[in-house]
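Participant: Got a sequence here, can you model it:
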Amino acid sequence: MSDFQISPELLNIYLDEARAHLEGLDHALLALEREGLDPEVVAGIMGPLHTLKGNSGMMGFTGIKDYVHRLEDVFVRVGEGAVTLSRPLFDRLFAGASALRDAVEQACRQRGEVRSLEGERAVLDALLRETRQRTQSGTTQSPQSGATASGERTAPSALPAVSARESLVSSAVSASPAVSASPAVSAEYISTHSSMVRVDFSQLDHLLNLVGELIIHRTKLHELGRELAEQKGGRESAELLSAVQQVASVSTQLQETVMDIRMLPIRHVFERFPRLVRDLARQQGKDIELILEGEGTRIDKAIIDEIGEPLVHMIRNSVDHGIETPAVRVARGKTPTGTILLSAMQESNHVLITIMDDGSGIDAAAVRRKAVDRGLLKADETLPDRELLQLIFSQGFSTAETVSDLSGRGVGLDVVLKSIERLNGLVEVETVPGVGTKFIIQLPLTLAIISALLIEVSDRTYAVPLGSVVESLKFRPADVHSINGRDTLRIRDRIVPLVRLDAFFGLRAAPEEARYAVVLGRGDKRVGLVVNRLRGQQEVVIKALDPAVSGIAFALAGATIMGDGRVVLILDVAAFFEGRRQALAHGRSRPALAGGS
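Facilitator: Take a look at the predicted model:
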């Protein structure tokens with residue numbers, strides 16, 4: 001039984017995934033029994049088994065984890081050709097798979113392990129002992145030697161040790177009455193019901209696209225109905241407008257339902273980590289408390305599926321590099337127990353995930369020395385600490401002096417950066433030596449229906465996520481001032497830097513006419529986008545673009561299709577707060593907004 005509370009949601013996720021992995025195990029065994037040894041089949045089942053083992057360990061199901069670990073060892077030996085594929089072997093593997101399925105089902109129902117797998121594990125141990133003995137005696141037979149004309153595996157006549165193996169297996173099986181040599185599936189498993197329905201995620205994407213188009217046409221239909229009612233009036237127009245309003249109400253509910261299906265609480269990811277932190281802390285001889293906040297923050301299912309691995313690397317990094325041992329912490333005037341905070345919150349149209357520890361912090365001087373050693377920096381090159389710290393995300397970069405089970409190989413944070421960038425997100429790091437370190441991961445709500453402000457620049461229309469828009473205002477060229485070569489606009493008591501979108505995207509300069517500044521906000525930072533016209537607000541569906549033309553480097557988060565069929569690009573707000581991208585835009589040749597400035 002695990003020593004921490006497992007929520008019903010997490011149990012359902014584990015059970016749903018475990019059923020899929022066990023189904024894959026059945027298919028692999030059937031393929032091997034039918035076709036003989038196939039390295040691709042063996043390699044294909046190793047991944048699901050490894051995932052099932054890891055998930056079972058995080059849930060506290062140690063008996064299931066240990067059995068799957070033995071099963072992995074068996075498949076490794078099968079792939080090496082050290083295990084003869086015979087009918088008795090498959091009988092026992094199928095029986096073990098049925099017992100494993102039964103143990104998983106019961107563990108999830110009872111919220112703890114009930115079904116013992118010791119007998120089944122003894123069967124695999126006996127098989128592994130025999131293969132080691134045969135390997136040592138040099139009697140390992142080619143796995144193809146036992147094939148019959150029908151492809152069925154039989155015990156090779158050249159192996160008199162078959163009877164010995166059968167006696168080993170038989171004795172192990174007899175030790176556990178619950179193990180049957182028959183691969184038959186129990187009636188209890190057959191009658192198991194699940195409230196979960198697996199749906200291919202592409203179908204949800206297609207459904208979301210259809211809802212998006214419905215919303216676009218709903219808006220157009222509502223405008224036409226209102227114009228008709230104003231022009232002609234009468235009972236028919238009133239009834240038409242009422243019907244349009246009913247369609248709008250139903251479509252809104254449909255939109256909310258589809259979005260609700262795609263969005264899951266991030267607790268499904270966070271709840272994996274209490275056990276992980278406890279095990280890693282004990283392994284390191286440290287006392288660490290993990291605090292979870294914002295577990296109810298809802299995030300797109302596509303991100304839920306991808307964010308788990310980066311967070312594991314971040315948590316392991318905090319445990320190994322961040323938190324000190326109790327003796328060191330006490331010597332530094334800290335409590336012996338370190339703290340790691342894992343939190344999530346929604347901010348406008350994106351989600352912020354924070355991993356913060358009260359450990360030793362990051363030594364900027366050590367990062368600089370390592371960067372110079374690796375050729376990432378010249379010895380005489382200077383960088384602000386903020387940019388210097390970003391080098392820890394470089395491939396193969398590690399400040400650890402020794403290689404441990406957790407770190408030192410430089411394969412952690414670069415994986416995090418690649419994974420986050422693949423989701424069109426970004427990672428920032430802040431640290432105070434001796435006080436702690438904070439990593440901030442920003443993730444956009446991709447493939448979602450959002451409210452957007454439509455703007456026009458050089459006769460092209462763009463969409464800006466409305467959640468990032470602080471305000472929009474009209475200004476004159478005389479209101480613009482140049483500070484350190486940068487165009488700025490004073491808005492009340494604040495100086496806001498300006499970005500001219502026509503120059504930013506390399507478009508032809510727009511005629512000097514009415515100008516608007518769309519002020520974007522990110523935390524306490526502000527940036528004004530200079531545009532020609534404001535086209536109004538509209539709900540749009542974000543359709544993903546190929547990574548080759550999207551992301552921070554291009555300032556594009558996606559695209560949407562308007563009611564008239566036009567494709568409108570959606571701006572990536574984060575790009576306008578990213579220093580290197582801003583410097584690139586600022587360095588382009590463009591006319592000044594303020595005359596002569």
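
Participant: Tell me, please, the helix or strand in this protein that averages the lowest pLDDT.
Facilitator: helix 162-174 (a mean of 33; mean pLDDT, DSSP states H and E).

Participant: Name the SS class of V351, please.
Facilitator: For V351, the assignment made with DSSP: H, G, I helix; E, B strand; the rest coil gives strand.

Participant: meant to ask about I455, not that
Facilitator: Under three-state DSSP, I455 falls in the strand class.

Participant: who's it bridged to?
Facilitator: Counting by DSSP bridges, I455 forms beta bridges with Y462, L534.

Participant: neighbours around it, how many?
Facilitator: 25 (other C-beta atoms under 10 Å). Just so you know, the C-beta spots here come from the backbone N, C-alpha and C atoms, and that holds for glycine as well.

Participant: My read is that A28 contacts M46, right?
Facilitator: No - between A28 and M46 there is no contact under C-beta atoms under 8 Å: 9.5 Å.

Participant: quick one, which of the two is more surrounded?
Facilitator: Shown here are A28 and M46; by other C-beta under 10 Å, A28 has more neighbours (21 against 14).

Participant: Remind me which helix or strand that one belongs to.
Facilitator: Element membership of A28, judged by DSSP states H and E, is helix 8-35.

Participant: Please settle this for me: is T84 part of a helix?
Facilitator: No - using three-state DSSP, the assignment for T84 is coil, not a helix.

Participant: phi, psi of it?
Facilitator: For T84, the backbone dihedrals are phi -80, psi 130 (criterion: degrees, to the nearest 10).

Participant: Kindly provide the distance from it to Q133.
Facilitator: 13 Å (C-beta to C-beta, to the nearest Å).

Participant: likewise P444?
Facilitator: Separation of P444 from Q133 (C-beta to C-beta): 57 Å.

Participant: do G96 as well
Facilitator: In terms of C-beta to C-beta, G96 sits 21 Å off from Q133.

Participant: okay, the two: which has more neighbours?
Facilitator: More neighbours surround G96 than the other of G96 and Q133, with 24 against 14 (other C-beta under 10 Å).

Participant: That one - nearest residue in space that isn't next to it in sequence?
Facilitator: E120 (4.5 Å; C-beta to C-beta, 6 or more residues apart in numbering).

Participant: Which secondary structure elements does the host helix or strand of that neighbour sit against?
Facilitator: For E120, the element it lies in under DSSP H and E is helix 118-137. The contact analysis (3 or more C-beta pairs under 8 Å, 6 or more residues apart in numbering; DSSP states H and E) places helix 118-137 against helix 62-79, helix 87-110, helix 162-174.

Participant: what's the least confident stretch among these?
Facilitator: Mean pLDDT is lowest for helix 162-174 among the helices and strands packed on helix 118-137, at a mean of 33.

Participant: give the contact list for the closest residue to S419 other than its chain neighbours.
Facilitator: Spatially, and ignoring its direct neighbours in sequence, S419 is nearest to P310 (4.4 Å; C-beta to C-beta, 6+ apart). Neighbouring residues of P310 by C-beta atoms under 8 Å, 6 or more residues apart in numbering: V415, V416, S419, I420, I441.

Participant: any chance of the residues you listed in TSV, with secondary structure too?
Facilitator: What follows is those, written out as TSV (three-state DSSP):
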residue	secondary structure
V415	helix
V416	helix
S419	helix
I420	helix
I441	strand
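
Participant: And for the nearest residue to V244 once chain neighbours are set aside, the neighbour number?
Facilitator: Nearest residue to V244, sequence neighbours excluded (C-beta to C-beta, 6+ apart): G225, at 4.3 Å. Residues contacting G225 under the criterion other C-beta under 10 Å number 20.

Participant: Tell me the secondary structure of G225, please.
Facilitator: Taken by three-state DSSP, the conformation at G225 corresponds to helix.

Participant: Look up the pLDDT of it for me, please.
Facilitator: For G225, the model assigns a pLDDT of 80.

Participant: what do you get for G536?
Facilitator: Reported pLDDT for G536: 88.

Participant: ditto for I315
Facilitator: 91.

Participant: Distance of the nearest residue to it once chain neighbours are set aside relative to G361?
Facilitator: The spatial neighbour of I315 that comes closest, neighbours along the chain excluded (C-beta to C-beta, 6+ apart), is F273 at 5.7 Å. Applying C-beta to C-beta, the value for F273 to G361 is 22 Å.

Participant: One more: Q110?
Facilitator: From Q110 across to G361, the span is 44 Å (C-beta to C-beta).

Participant: G333 too?
Facilitator: Here G333 is placed at a distance of 14 Å from G361 (C-beta to C-beta).

Participant: Tell me which other helices or strands the helix holding A28 touches.
Facilitator: Under the contact definition 3+ C-beta pairs under 8 Å, 6+ apart, helix 8-35 sits against helix 39-59, helix 87-110, helix 267-270.

Participant: can you tell which of the helices and strands packed on helix 118-137 is closest to K220?
Facilitator: Of all the helices and strands packed on helix 118-137, helix 87-110 sits nearest to K220, with 48.6 Å by C-beta to C-beta.

Participant: Quick one: distance of the closest one to the chain centre.
Facilitator: 31 Å (C-alpha atoms, centre = their mean, to the nearest Å).

Participant: Return the set of buried residues in that helix.
Facilitator: Neighbour counts over helix 87-110 (16 or more other C-beta atoms under 10 Å) mark 88-105, 107-108 as buried.

Participant: Ok, stretch 516-528 next?
Facilitator: Buried-residue list, stretch 516-528, by 16+ other C-beta under 10 Å: Y516, A517, V518, V519, L520, G521, R522, R526, V527, G528.

Participant: Could you do stretch 432-441 as well?
Facilitator: Quick answer for stretch 432-441 (16+ other C-beta under 10 Å): G436, T437, F439, I441.

Participant: so can I have JSON lines of those showing pLDDT and secondary structure?
Facilitator: What follows is the buried residues of stretch 432-441, written out as JSON lines (pLDDT from 0 to 100; DSSP: H, G, I helix; E, B strand; the rest coil):
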{"residue": "G436", "pLDDT": "91", "secondary structure": "strand"}
{"residue": "T437", "pLDDT": "91", "secondary structure": "strand"}
{"residue": "F439", "pLDDT": "91", "secondary structure": "strand"}
{"residue": "I441", "pLDDT": "90", "secondary structure": "strand"}
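
Participant: Which one of the residues you listed is nearest to F75?
Facilitator: I441 (35.6 Å).

Participant: The closest one touches L423, doesn't it?
Facilitator: No - using C-beta under 8 Å, I441 is not in contact with L423, being 9.3 Å away.

Participant: What is the neighbour count of R490?
Facilitator: 12.

Participant: What are the phi and psi values at it?
Facilitator: Residue torsions, per degrees, to the nearest 10, at R490 are phi -90, psi 120.

Participant: which residues sit in contact with it?
Facilitator: By C-beta under 8 Å, 6+ apart, the contact list for R490 reads D479, H481, V496.

Participant: List the buried residues in the host helix or strand of the last one.
Facilitator: It refers to V496. Using DSSP H and E, the element containing V496 is strand 494-500. Residues V496, P497, L498, V499, R500 are the ones in strand 494-500 that count as buried (16+ other C-beta under 10 Å).

Participant: again with stretch 216-229
Facilitator: For stretch 216-229, the neighbour count (16+ other C-beta under 10 Å) marks I216, R218, T219, L221, G225, L228, A229 as buried.

Participant: ranges for the helices of the stretch 351-500 of the chain?
Facilitator: Here the stretch 351-500 of the chain has its helices, by DSSP state H, counting those that start in this stretch, at 364-373, 385-389, 413-422.

Participant: hey, C-alpha coordinates of the first one in PDB?
Facilitator: What follows is helix 364-373, C-alpha atoms only, in PDB (Å, rounded to 0.1, in the frame of the first residue of the first chain):
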ATOM      1  CA  ALA A 364      27.000  32.300 -12.200                       C
ATOM      2  CA  ALA A 365      30.800  32.100 -12.000                       C
ATOM      3  CA  ALA A 366      30.700  28.300 -12.200                       C
ATOM      4  CA  VAL A 367      28.300  28.600 -15.200                       C
ATOM      5  CA  ARG A 368      30.700  31.000 -16.900                       C
ATOM      6  CA  ARG A 369      33.700  28.800 -16.300                       C
ATOM      7  CA  LYS A 370      31.900  25.800 -17.700                       C
ATOM      8  CA  ALA A 371      30.600  27.800 -20.700                       C
ATOM      9  CA  VAL A 372      34.200  28.900 -21.500                       C
ATOM     10  CA  ASP A 373      35.500  25.400 -21.200                       C
END
